[in-house]
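Novice: Just the structure for this:
(2 chains)
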Amino acid sequence: MGAIVKLIPINRKLHADLLYEWRRNPEINRFMYSTGPETFEDHLRWFDKIDNDVSHIRFMVEQGGKLVGTTAFVSIDTYHRRCDFEMYIGESQARILGAGAVAEFQMLDYGFYELNLHKISCEVFSTNDVAIRLHIRMGFSQEGILRDHALSNTGWLNVTRLSILESEWKIARQKLFQSVKSLIPRSSSFES
Amino acid sequence: MNTIRTQVEKVMSEGLADAGIAAPNSFSDDLILLQSGLDSLGFAVLVTKLEMELGYDPFTLMEEPLYPRTFGELVEVYTRFGPSKSS
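Specialist: Numbers count the residues shown, from 1 in each chain, chains lettered A, B, ... in the order given. Okay, the predicted model is just below:
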């Protein structure tokens, strides 16, 4: 298995407890709009919402047989062929083996080549420069700054909005593939 | 001379350069990897390049996932799971 990163469709029975832990972890949710569910029942209602939302596709990120994070497309718009991308790595040490970048690579492949999207966007707290830099290195471009867009326990935060187009991913992918190919399961490769 | 350490240092320096970050003059064993300046893509590239240069991926050889926290631990993983040690 090694450091290979896989995307696994979310499963309430298998993943609810771990996601509850991550969503409530301040080290993780300090980079998110929500501070997580108050109770496990609230968390299960979030699962209900996902289950009934056709514009939301969520995966767990697995590395070397261990669940290390989660990623999703939300607000999928099939007419305009666009969506918003979300991801966090709950096991911080998994970043050492590139889990986030490899999961992002596979999500962009999935979005553009399986879902036939034209544009994928994401929003990152402007203080999270590591994440912004990663997205740009993956081929995203910054669209703008949403001023005072999120309220955190330290005050208002700017949010950086980024996006990548289908044509841009095709170019970025060619540069990135050699760097991440050994960490991607063969069956999920969309190399063209 | 620790060849593995030298190669890890070389590949890590290249990764930092790719990310626009100056590499330190020397990598100390207690350098925290998550504070080294490499992002997730940088680490993915590091693992891939080391597999290409050393000819093995220690993370495929270990039974339980092991995440090195420091530069010294990273070198130790590559040293411990090197061909002569794992066979």
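Novice: tell me the helices in the chain, going along the chain?
Specialist: Using chain A. Assigned by DSSP state H, the helices in chain A fall at A:12-23, A:26-29, A:40-51, A:99-109, A:129-137, A:166-180.
Novice: My question was about chain B, not that one.
Specialist: B:3-18, B:40-54, B:58-61, B:71-80, B:83-86.
Novice: Kindly report the residues of chain A close to chain B.
Specialist: Taking CB under 8 Å from any CB of the partner chain, the part of chain A that reaches chain B is made up of A:1-3, A:63-66, A:89, A:91-102, A:104, A:130, A:133-134, A:137-138, A:176, A:178-183. Backbone N, C-alpha and C define where each C-beta goes, glycine included.
Novice: before we move on, the earlier item: now render the helices of chain B as JSON lines, adding distance to A:Glu143.
Specialist: Supplementary listing: those in JSON lines, determined by distance: least, CB to CB, whole Å:
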{"stretch": "helix B:3-18", "distance to A:Glu143": "24"}
{"stretch": "helix B:40-54", "distance to A:Glu143": "20"}
{"stretch": "helix B:58-61", "distance to A:Glu143": "36"}
{"stretch": "helix B:71-80", "distance to A:Glu143": "36"}
{"stretch": "helix B:83-86", "distance to A:Glu143": "48"}
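Novice: one step back: out of the helices of chain A, flag the one nearest B:Phe59.
Specialist: helix A:99-109 (11.4 Å; CB to CB).
Novice: Please enumerate residues in contact with the closest one?
Specialist: With contact meaning CB atoms under 8 Å, 6 or more residues apart in numbering or on different chains, helix A:99-109 is reached by A:3, A:5, A:7, A:59, A:61, A:63, A:68-69, A:71, A:73, A:85, A:87, A:89, A:91, A:94, A:120, A:134-135, A:138-139, A:164, A:169, A:173, A:176, A:180, A:183-184, A:188-190, B:39-41, B:43-44.
Novice: ChimeraX command for the buried members of those residues?
Specialist: Isolation of the buried members of the contacts of helix A:99-109 (16 or more other CB atoms under 10 Å in any protein chain shown) is achieved in ChimeraX through the command below:
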select /A:3,5,7,59,61,63,68,69,71,73,85,87,89,91,94,120,134,135,138,139,164,169,173,176,180,183,184 /B:39,40,41,43,44
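Novice: What residues does chain B have near chain A?
Specialist: Within reach of chain A by CB under 8 Å from any CB, chain B has these residues: B:19, B:33-34, B:39-49, B:51, B:57, B:59-62, B:65, B:67-69, B:74.
Novice: Having no further points to raise, I will conclude here.
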